[in-house]
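1. Quick one, fold the following:
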Amino acid sequence: MNQQQLTDKALDLLKQLISIQSFSGEEDKTADAIEDWFKAFDISFERVHNNVIAKNKFWDDSKPTLLLNSHHDTVKPNKAYTKDPFHPHIEDGKLYGLGSNDAGGCLVSLIATFTHYYEAKSLNHNILMVASMEEENAGINSLRGLLPSLPKIDVAIVGEPTLLDLAIAEKGLVVFDAVVKGTPSHAAHPNENNSIYNTIEVLEWFKNYKFEKSSEALGDVKMTVTQIKAGSQHNVVPAQVELVIDVRVNDAYSNKEIADLLKAEAPCEMQERGLKLNSSKINKDHPLIKSGLALRRKTYGSPTLSDQAALTCQSLKLGPGDSTRSHSADEYIYVHEIEDGIDLYIKILEGFLKK
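-> Numbers count the residues shown, from 1 in each chain. Here you go, the predicted model:
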């Protein structure tokens with residue numbers, strides 16, 4: 001089968017995936033569709049929950065392993081949709097449908113690329129393909145939960161929409177719950193320790209705080225107050241104000257360092273929800289990146305989170321589509337982006353796997 005025929009079949013698979021509801025934790029039918037692809041190409045695979053896993057035909061335990069990964073779950077469609085999110089159709093070169101851009105286009109492009117190399121001999125890496133579940137909600141059965149049962153992974157390509165540029169770093173995430181305290185009282189009486197007024201100074205502190213260490217690829221750490229909650233009725237001054245703080249962490253800090261720093265310095269009580277979503281990166285001189293640069297692709301640092309956060313190996317985020325379309329109404333991906341994505345994946349791996 002030539003590359004164009006493979007691309008056409010990948011586009012058909014994407015349309016099929018779009019037509020199937022696959023919210024996080026409900027991906028059984030899309031997993032079935034992915035299984036059908038592997039069966040049609042006589043590719044051995046296994047399924048763990050709704051994760052579908054395949055190894056290249058000439059797997060050799062003595063070789064390092066390249067992971068190709070993207071996800072087949074979606075978020076729920078928002079209320080601004082004007083088109084049926086489960087009706088894949090092409091208008092003006094755009095394939096519309098929920099999950100088309102995030103990350104169905106990437107997934108089918110990686111599956112097609114894996115299929116292209118499945119029977120290749122004398123590769124310098126094994127290829128492990130994982131079509132994963134529960135990426136959108138970081139569920140317990142997602143790639144993170146699957147990793148302990150997989151072979152050792154030495155380097156990875158995570159398929160997410162990057163306009164086919166090379167995301168050589170990705171910011172991590174720590175979410176904090178913060179509490180600003182005060183003295184509860186009746187609103188009619190004087191109170192010099194009003195928790196809501198106390199929050200003004202705290203919010204200014206968060207707004208103006210600067211982390212010292214910046215990153216070449218990811219820039220500064222970005223800290224944002226995203227939620228605030230206080231009070232129960234009009235005539236009661238509440239005992240406390242609750243805040244939620246979203247911190248996007250560059251590769252100059254570990255998540256633990258960020259947590260320790262803020263808990264020591266912030267003018268309020270802070271508690272992190274978890275520290276697992278660390279930043280990711282790959283060296284610019286890694287052969288995988290050199291192969292991409294030779295194809296005139298640009299490098300950048302990504303502010304958005306993906307399953308890269310589950311990996312401890314060096315990893316590259318790369319794929320067709322545009323991140324700004326993700327989770328938007330009337331989501332779409334250009335048909336030519338799928339064609340270009342498969343072509344680029346194949347060429348990058350040509351320069352990486354056969355050297």
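2. What strands line up against the helix or strand of the chain with the lowest mean pLDDT, and which way round?
-> Lowest by mean pLDDT, DSSP states H and E among the helices and strands of the chain is strand 280-281, with a mean of 92. Strand pairing for strand 280-281, using DSSP bridges, gives strand 166-170 (antiparallel).
3. Give the other helices and strands that the following helix or strand past the strand it pairs with contacts.
-> Note on strand 166-170: by DSSP states H and E, the next helix or strand toward the C-terminus is strand 172-181. Judged by 3 or more C-beta pairs under 8 Å, 6 or more residues apart in numbering; DSSP states H and E, the packing partners of strand 172-181 are helix 195-208, strand 240-249, helix 255-265, strand 269-272. Backbone N, C-alpha and C define where each C-beta goes, glycine included.
4. most tightly surrounded among these?
-> Most buried of these by mean neighbour count (mean count of other C-beta atoms under 10 Å) is strand 240-249; its value is a mean of 20.
5. Name the residues that touch that strand?
-> Residues outside strand 240-249 that contact it (C-beta atoms under 8 Å, 6 or more residues apart in numbering) are 171-182, 195-196, 198-199, 202-203, 206, 221-230, 255, 258, 262, 268, 270, 278-279, 303.
6. partners of that strand in the sheet?
-> Looking at strand 240-249 with DSSP bridges, its partner strands are strand 172-181 (antiparallel), strand 222-229 (antiparallel).
7. Run through the protein and note the low-pLDDT ranges.
-> The model of the chain has pLDDT under 70 over residues 355.
8. can you put the strands paired with strand 240-249 in CSV and add mean neighbour count and distance to Tyr345?
-> Conversion of the strands paired with strand 240-249 to CSV gives the following (neighbours: other C-beta atoms under 10 Å; distance: least, C-beta to C-beta, whole Å):
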stretch, mean neighbour count, distance to Tyr345
strand 172-181, 20, 26
strand 222-229, 13, 30
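9. Pick out the residue closest to the middle of the protein.
-> In the chain, the residue lying closest to the centroid (C-alpha atoms, centre = their mean) is Ser306, at 1.6 Å.
10. Please work out how many residues are found near Lys284.
-> 14 (other C-beta atoms under 10 Å).
11. ok, it - contacts?
-> Counting by C-beta under 8 Å, 6+ apart, Lys284 makes contact with Ile168, Thr299.
12. Doesn't it lie inside a strand?
-> No: with DSSP: H, G, I helix; E, B strand; the rest coil as the criterion, Lys284 is assigned coil and is not in a strand.
13. residues contacting Tyr300?
-> So Tyr300 contacts Thr162, Asp165, Leu166, Ala167, Ile168, Ala217 (C-beta under 8 Å, 6+ apart).
14. Try it again at 7 Å.
-> Asp165, Ala167 (C-beta atoms under 7 Å, 6 or more residues apart in numbering).
15. Next, work out how far apart it and Lys79 are.
-> Distance from Tyr300 to Lys79, counting by C-beta to C-beta, to the nearest Å: 32 Å.
16. And Ala329, by the same measure?
-> Relative to Lys79, Ala329 is positioned 8 Å away (criterion: C-beta to C-beta).
17. higher neighbour count, the two?
-> Ala329 (13 against 6).
18. follow-up on the earlier one: residues contacting the residue nearest to the centre of the chain?
-> Per C-beta under 7 Å, 6+ apart, neighbours of Ser306: Val158, Glu160, Glu170, Lys317.
19. wouldn't the first one be in contact with Asp307 here?
-> Right, the one you point to is Val158. Yes: checked against C-beta atoms under 7 Å, the pair Val158 and Asp307 is within contact range at 5.6 Å.
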